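1. Take a look and give me a structure for this.
(one chain, ligands or ions: 1)
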Amino acid sequence: MIPQTDPRANYLAHKTEIDEAIAQTLMAGRYILGETVAAFEREFAAYLGVGHVIGVGSGTDALHLALRGCDIGPGSRVFTVSHTAVATVAAIELAGAQPVLVEIDPVTFTLDPQHLEDAVKTLRRRAGGAGRDAVLPVHLYGHPANMPAILEIARRYELTVIEDCAQSHGATIAGRRTGALGAIAAFSFYPTKNLAALGDGGAVATDDPALAERVRLLREYGWRERYVSAISGLNSRLDALQAAILRVKLRYLDAENARRRELARLYSELLAGSSLRLPVERGEVRHVYHQYVVRSSRRAALQAHLAATGIGTLIHYPVPVHLQPAYAGRLPLPAPLPHTEAVAREILSLPMFPELSEAQARQVAAACLDGGF
Ligand SMILES: *Cc1c(COP(=O)(O)O)cnc(C)c1O
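-> Predicted coordinates:
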């Protein structure tokens, strides 16, 4: 049996160090925020090349707090994609803003800048007014969105740029890390992500000290000083055990991303002659393969065939946000989303995690080919 992902294997790969870090944290006696969280925040900020990281309770919270930190709320539109984890859109609504779902580039599966510009123009013409609007590109599967073009559009239309980096820890464009490209960024440390806690966790990253300060207050009741709320906030804090685990795993992030890239290269080499459409790297990007996603017009048969040979796969994501019961018909679509809908019918995520062996990856590729795909 080859699983699609295996967070336990990653724990076992670093078990001695993680167990030691957990034991130390338990003995230190500070379990929420504190020095361990502050140390992780400094180390992750240095890794990203930004001035500030704020540890929070989850990736969804990180997006929500990043939006609120930028004053994006009621009256604001946030342009993002429908082909994403529902958390992206849920966070926009949590902040009180209006999500506007835009078409993707079907090759990289990320926000299409031309469609973004068309959507901004259409909505501002139709509904008027540049409120305080934002664009929220998602670096889906570990492939950075086309940030040079998105940043240029954001500059022209005065959009705040908030990056969803939940799947792109360590990915770069022209050598700069995702999370350091917009005004602010949100990370998730959900156990299957490239940088993963052993529970929920997230972080906000920014180079702007004033924004960082606002998010820091928002995550703990708006406290600047204990028990005195300077602004109205909420409770979303990273706990010390998760921070201690993340400090260990951060040291291996580059090596594990390199391993994911090696596995991706092997898959692509072995599947080159197949009928599957394979992932690409477009532009000056370093893809970190949170997922290795293929497209097939016979997706159901492919998934069933792999399952029958003991190979786990997943679909990220089977239903675009605009077609889900909670959102259908309720969110403005400035234009139809044919690529988004076609992609959702054809994508399949093959097994991908750093502990996957070369032999296992060969077995997956051979199963695809043997099945006639
Ligand atoms: C995982 C994920 C999130 C949400 O993170 P949680 O930690 O699960 O709240 C947001 N956006 C994307 C693209 C994700 O993959």
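
2. what about the closest residue to the ligand within the chain, neighbour count?
-> Of all residues in the chain, residue 59 sits closest to the ligand, at 2.3 Å by CB to the nearest ligand atom. No exception for glycine: its C-beta is placed from N, CA and C like everyone else's. Residue 59 has 26 neighbours, counted by other CB atoms under 10 Å.

3. Check residue 261 too.
-> 16.

4. What sits closest to it if chain neighbours are left out?
-> residue 289 (6.1 Å; CB to CB, 6 or more residues apart in numbering).

5. hang on, isn't the one you found packed against residue 266?
-> No: counting by CB atoms under 8 Å, residue 289 sits too far from residue 266 to count as a contact (11.2 Å).

6. can you give me the strands for the stretch 51-200 of the chain?
-> All strands of the stretch 51-200 of the chain, identified by DSSP state E, counting those that start in this stretch, fall at 52-56, 77-81, 98-102, 104-105, 110-111, 134-135, 160-164, 172-173, 176-177, 184-188.

7. which of those is buried the deepest?
-> Among these, ranked by average contacts under mean count of other CB atoms under 10 Å, first place goes to strand 184-188 (a mean of 30).

8. quick one, the next helix or strand after that one and strand 184-188 angle?
-> Tracing the chain C-terminally past strand 184-188 and defining elements by DSSP states H and E, one meets strand 202-206 next. In terms of direction (axes from the mean of the first three to the mean of the last three CA atoms, to 10 degrees), strand 202-206 departs from strand 184-188 by 160 degrees.

9. pLDDT of strand 202-206, averaged?
-> Mean per-residue pLDDT for strand 202-206: 98.

10. nearest spatial neighbour of residue 166, skipping sequence neighbours?
-> Computed as CB to CB, 6+ apart, the closest residue to residue 166 that is not its neighbour in sequence is residue 188, at 3.8 Å.

11. Report the beta-bridge partners for the one you found.
-> residue 202 (DSSP bridges).

12. and it, what does it touch?
-> Going by CB atoms under 8 Å, 6 or more residues apart in numbering, residue 188 touches 58, 59, 60, 62, 87, 166, 201, 202.

13. And the furthest pair within these?
-> The distance between the two most remote of the contacts of residue 188 (CB to CB) is 13.6 Å, for 87 and 201.

14. Who has more neighbours out of these two?
-> Just comparing residue 87 and residue 201: by other CB under 10 Å the higher neighbour count belongs to residue 201, 31 against 24.

15. Can you name the residues of the stretch 51-200 of the chain that neighbour the ligand?
-> With CB under 6 Å from any ligand atom as the criterion, the stretch 51-200 of the chain comes near the ligand at residues 58-60, 84-85, 87-88, 138, 164, 166-167, 188, 190, 200.

16. Helices - which of those residues land there?
-> 59, 60, 87, 88 (DSSP state H).

17. Tabulate the residues you listed in TSV, adding columns for pLDDT.
-> Formatted as TSV, these follow (pLDDT from 0 to 100):
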residue	pLDDT
59	98
60	98
87	98
88	98
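
18. which helices and strands sit right next to the longest helix anywhere in the chain?
-> In the chain, with assignment by DSSP H, the single longest helix is helix 253-270. Contacts defined by 3 or more CB pairs under 8 Å, 6 or more residues apart in numbering; DSSP states H and E place helix 253-270 against strand 292-295, helix 358-370.

19. Including mean pLDDT, could these go into TSV?
-> TSV is the format used below for those (pLDDT from 0 to 100):
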stretch	mean pLDDT
strand 292-295	98
helix 358-370	98
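
20. hey, which of the ones you listed is tucked in deepest?
-> Ranked by mean neighbours (mean count of other CB under 10 Å), these are led by strand 292-295, with a mean of 23.

21. Now do it: everything it contacts.
-> Outside strand 292-295, the residues touching it (CB under 8 Å, 6+ apart) are 109, 141, 263-264, 267, 271, 276-279, 316, 343, 346-350, 352.

22. Write the ChimeraX selection for whichever of those are buried.
-> The buried residues among the contacts of strand 292-295 can be selected in ChimeraX (16 or more other CB atoms under 10 Å) with this line:
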select :109,141,263,264,267,271,276,277,279,316,343,346,347,348,349,350,352
